[in-house]
Every structure is written in structure tokens, then in C-alpha cells.
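Peer 1: could you work out the structure for the sequence below:
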Amino acid sequence: MTQATWSGVEVGGRPQVSPWTLMIFAASLLIMLTFSEGWVFPLRGDANNTAFDKLIPLGYLPAYAAGAMLFALAPVSTVMALIRQPFLIALMLVVGASIFWSTAPDITARRIVAVYATTLGGIVLGARYRWADLAEVFATAFAVLAVICLLMSLAVPSIGVMHELFPGAWRGVWADKNAMGGIMTLGFAILAGAAMLNPARAKIWWPFAALAVLLVIMSTSKTSLVSVILALGGLMFVAIVRRGPAVSVASSWLAVLGLVAAMSVALFASDMVFKALGKDATLTGRTEIWAAAMHQIEKRPWTGYGYSAIYDDESRWGPRAKIVKEAGWKPHHSHNTWIEQWLGLGIFGLAAWAMCFLQTVILAVVAIYRDKGAYLAVPFLVVYGVTSLTESVAVNYNDFRWVIFVALAVKLCWPDRNVRS
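Peer 2: Presented below is the predicted three-dimensional model:
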């Protein structure tokens, strides 16, 4: 790890590990690995063993405690960093207020606590670390997960490989191949960013980035593979722009033209895109879910139905039952981040999320020209933004994708000069 991560002293010009900084790093890694949920599926298995259901929520408590500890160590700087993300604060306030109009207030109340604890984990990481150190905290977690997925798929194929649906596709320690593919795509973005931010250890991080790509390939998820290419493109764009002013201007214009071209292909040659991805026009049934969810949103557009209150409602007449009936299958979420926020939090929650995301993206674009942190933020946000169109990846409790987004959103507002080792 970098000096700020691992040590507070130098001996003979070389950083030395101290127990204190090692404890801080371990707490940060605990947050990441716990919220990765890589331990949940091996406990439940394909049979979805409910014997562990009461124990699984307890498994997140160490991460909650680690986040609280890191906050207690630096409360002032953490709050100062947070207030620079006012839309994140607004979003969390809407989440908390949604208990008053939730269709399942007991479920919403429990999950408000969980999402607040999860969000706190991201805030403290973004406020505590410099860019290079933050990248290596994230990269270490993904490296650990990548190695475990490789070993699980090779040594314990009964868990690591799918057998009935998509036989032979690797899933590592998650329930299906698309989950591993999506997470390892983010892993590639993070590991590659860590290599660029820490040249002295690039020889460590690039092989792990390659392992993440291998796992994406073995998952057979074409969408994830396309996302890897987009993440690599984002990383290369940052590297090119930072070569100098003239190159920066030329590459920026080329990027705009390329984006316009890509959007044109998506709009006017969508059949070709679907065929290349092995998808149908419904995106494996997602469009039916979106239409059904929008019909429910029309009934309560301003407030929604409460945070995380819809998809665990087993009643025959609730909004979930109507979505299931219209879509023709039982989704666990809306498979679209933007619809999910509107459905649960209403127009104000959707607006707060949209402004939080927009602020973060704008700051990341500015960072391309001013801050080396763009090597970490831009590839991740490219993948995260694309994923948000087909999956619900924002404001999720006990989810390290949300932790990473929050950490980057805060860090983009909190330059390295504000961080004290």
C-alpha cells in the first residue's frame, strides 16, 4: 500500500507499517468485503437455504461498526467533506422521510438504518484517503474477491459454476453469472485505476485487472465484456487528455464525436446492438418491468411507495403483485436505477439522485483536466452509469457498489490537500 495507507513513519526513506495505520486499512477493507456480499451465496447455496436468513443481517454489523469507528476518528473532516455533496444529503433525507408514506413502514425503517450505515461507509472512505490510497483500498478488495472467485470456480464448481441455467458459466461467489460479470467489470475499472495512480505497484495491479477480465469472459456475460471495453476506453481517454493541452483539446473533440456516433448507432441501429449483445428487444424482459413499474408510479408520482418497500411486499393487491402480473415474472427490483428511485422515493427522491449523479459526473469530467483522481473516477462512473440503465445500483443498502459511488462522489469534492495522513 502507499505510505499514507500503511504507515505514518519512515525508516531509512522507506515507509514502515504501523499497527495504527494497519488497523485503519483493515477496517476499510472490512467495509468493502462485507458489503460485497461475496459471503452470502456460499451460505445459502442454489437451494436458497433460509436457515441462515436470520443470521445474514448480523453479518453486516462489523462493517457498520467499522464505518462508525472511522467516522469517530475524524468526525469534523468527514462532515466537512460531506457537506460539499448537498444532493447526497438531500437524497438521504428523502430516504429517511419516506417512512411516513411507505406502504411497508416496518421494512422501510429497518432498511433506512442499513442504507445509512452503508452510505456512511462510503463517506468515511472518501473523506479519509488520498486518491492513490483510496484506489488501493478498493483494489485490494477486488483482488481478494477475484482470487476467491477463481479458486471457487476451479476448486468448488458446485458453487462457483452454474449448472442448470447457463451451464458452465462461472459465477464465483455470487448467485449468477451476470452478478460476477458486473462486479468484475467494476473490478477491472478499479484495479486499472489503481495501477495508473500507483506506478510503483502497477506490476501488482495490472495482473489482477487481467484476472478480472478473465473472470468476465468466463462469466459469458457479453454486456459485462462491453462494459470492460468502455471502462478501458474511459481510462485511455484520461491518459491521453493528461498528456498536454493540444492533445487534450483534440481528444476531447474526438470523444464528443465518438459519443454522438455511439448514441446514433444505439438509436437507429438498435437491432444490430441487441444482436451483438445476444439480447432481445425487451432486454431479457426488462422493458416489461419498466412499463409495469411506470404504471404504478403514475398512481403515486410525488411520493412513491417508500424506500425499499415494494419488492418484499407479498400481498396479493400491493404494487409488487401488480408489477408481477403485468411483467409476467417476479423481479427483485426494477432493473433500472432511475425508475427504482422514482418508484420508492417519488419525484423528489428521483430529483435528488439525478442531481447527485450529475454533480459527481461533472466533477469527474473536470477532474480529467485537473486531477489524477480521474484515473479512478472516470472508468468506474462509465461502467456505473451504463449499468444504472439496466440494473438498480444506487441507494442500495449493504452494497459495495453504492459504497464506491458515495466514496468517489465525496472524494471528488474533497481534494487530496484537505486530507491529513
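Peer 1: which regions of this protein sit below the pLDDT cut-off?
Peer 2: 1-16, 46-52, 245-285, 421 (pLDDT under 70).
Peer 1: show me the biggest helix of it in terms of residues.
Peer 2: Longest helix in the chain by number of residues (criterion: DSSP state H): helix 337-370.
Peer 1: helices or strands up against the following helix or strand past that one?
Peer 2: As assigned by DSSP states H and E, the chain's next helix or strand after helix 337-370 is helix 374-387. Under the contact criterion of 3 or more CB pairs under 8 Å, 6 or more residues apart in numbering; DSSP states H and E, helix 374-387 touches helix 131-155, helix 177-197, helix 222-241, helix 337-370, helix 400-411. In short, each C-beta sits where N, CA and C put it, glycine included.
Peer 1: now do helix 374-387: distance to the chain's middle.
Peer 2: 9 Å (CA atoms, centre = their mean, to the nearest Å).
Peer 1: residue 313 is nearest to which of the helices and strands packed on helix 374-387?
Peer 2: helix 337-370 (11.8 Å; CB to CB).
Peer 1: what are the buried residues along the closest one?
Peer 2: 337-353, 356-357, 359-361, 363-364, 367-368 (16 or more other CB atoms under 10 Å).
Peer 1: any chance of the backbone angles for the residue nearest to residue 168 when sequence neighbours are not counted?
Peer 2: For residue 168, ignoring the flanking residues on the chain, the nearest one in space by CB to CB, 6 or more residues apart in numbering is residue 161 at 6.6 Å. Phi and psi for residue 161, reported as degrees, to the nearest 10, are phi -130, psi 140.
Peer 1: my read: residue 161 touches residue 176, true?
Peer 2: No. The pair residue 161 / residue 176 is not scored as a contact, 11.3 Å apart, by CB atoms under 8 Å.
Peer 1: compare these two and say which is more crowded by neighbours.
Peer 2: Under the criterion of other CB atoms under 10 Å, the comparison of residue 161 against residue 176 puts residue 161 first, with 19 against 16.
Peer 1: distance check, that one against residue 142.
Peer 2: Counting by CB to CB, to the nearest Å, the gap between residue 161 and residue 142 amounts to 21 Å.
Peer 1: quick check: which of the helices and strands packed on helix 374-387 is nearest to residue 331?
Peer 2: The nearest among the helices and strands packed on helix 374-387, by CB to CB, is helix 337-370 at 10.6 Å.
Peer 1: now do that closest one: which elements does it pack against?
Peer 2: Looks like helix 337-370 contacts helix 86-97, helix 222-241, helix 286-297, helix 374-387, helix 400-411 (3+ CB pairs under 8 Å, 6+ apart).
Peer 1: JSON lines for those, including distance to residue 29 and mean neighbour count?
Peer 2: Output for these, formatted as JSON lines (distance: least, CB to CB, whole Å; neighbours: other CB atoms under 10 Å):
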{"stretch": "helix 86-97", "distance to residue 29": "23", "mean neighbour count": "20"}
{"stretch": "helix 222-241", "distance to residue 29": "22", "mean neighbour count": "20"}
{"stretch": "helix 286-297", "distance to residue 29": "34", "mean neighbour count": "19"}
{"stretch": "helix 374-387", "distance to residue 29": "17", "mean neighbour count": "25"}
{"stretch": "helix 400-411", "distance to residue 29": "11", "mean neighbour count": "27"}
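Peer 1: any chance of these in CSV, with distance to residue 304 too?
Peer 2: Below are the helices and strands packed on helix 337-370 laid out as CSV (distance: least, CB to CB, whole Å):
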stretch, distance to residue 304
helix 86-97, 9
helix 222-241, 28
helix 286-297, 7
helix 374-387, 22
helix 400-411, 18
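Peer 1: re the thing from before, what's the angle from the longest helix of the chain to helix 374-387?
Peer 2: If you take axes from the mean of the first three to the mean of the last three CA atoms, to 10 degrees, helix 337-370 sits at 160 degrees to helix 374-387.
Peer 1: how far out from the middle of the chain is helix 337-370?
Peer 2: 14 Å.
Peer 1: quick one on the thing from earlier: now the helices and strands packed on helix 374-387 as TSV including distance to residue 40?
Peer 2: Formatted as TSV, these follow (distance: least, CB to CB, whole Å):
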stretch	distance to residue 40
helix 131-155	13
helix 177-197	11
helix 222-241	20
helix 337-370	20
helix 400-411	12
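Peer 1: nearest to residue 102, of these?
Peer 2: helix 337-370 (8.6 Å).
Peer 1: the closest one vs helix 222-241, what angle?
Peer 2: Counting by the same axes, to 10 degrees, helix 337-370 points 20 degrees away from the direction of helix 222-241.
Peer 1: quick one, what contacts the residue lying closest to residue 176 once chain neighbours are set aside?
Peer 2: The shortest distance from residue 176 to any non-neighbouring residue, by CB to CB, 6+ apart, is to residue 162 (6.8 Å). Residue 162 makes contact with 168-171, 176-177, according to CB atoms under 8 Å, 6 or more residues apart in numbering.
Peer 1: tell me which two of those sit farthest apart.
Peer 2: Taking CB to CB, no two of the contacts of residue 162 sit farther apart than 168 and 176, at 13.1 Å.
Peer 1: show me what counts as buried in stretch 308-323.
Peer 2: 308-311, 313, 318-320, 322-323.
Peer 1: what separates the nearest residue to residue 355 once chain neighbours are set aside from residue 357, distance-wise?
Peer 2: Nearest residue to residue 355, sequence neighbours excluded (CB to CB, 6+ apart): residue 87, at 4.1 Å. Taking CB to CB as the measure, residue 87 falls 8 Å from residue 357.
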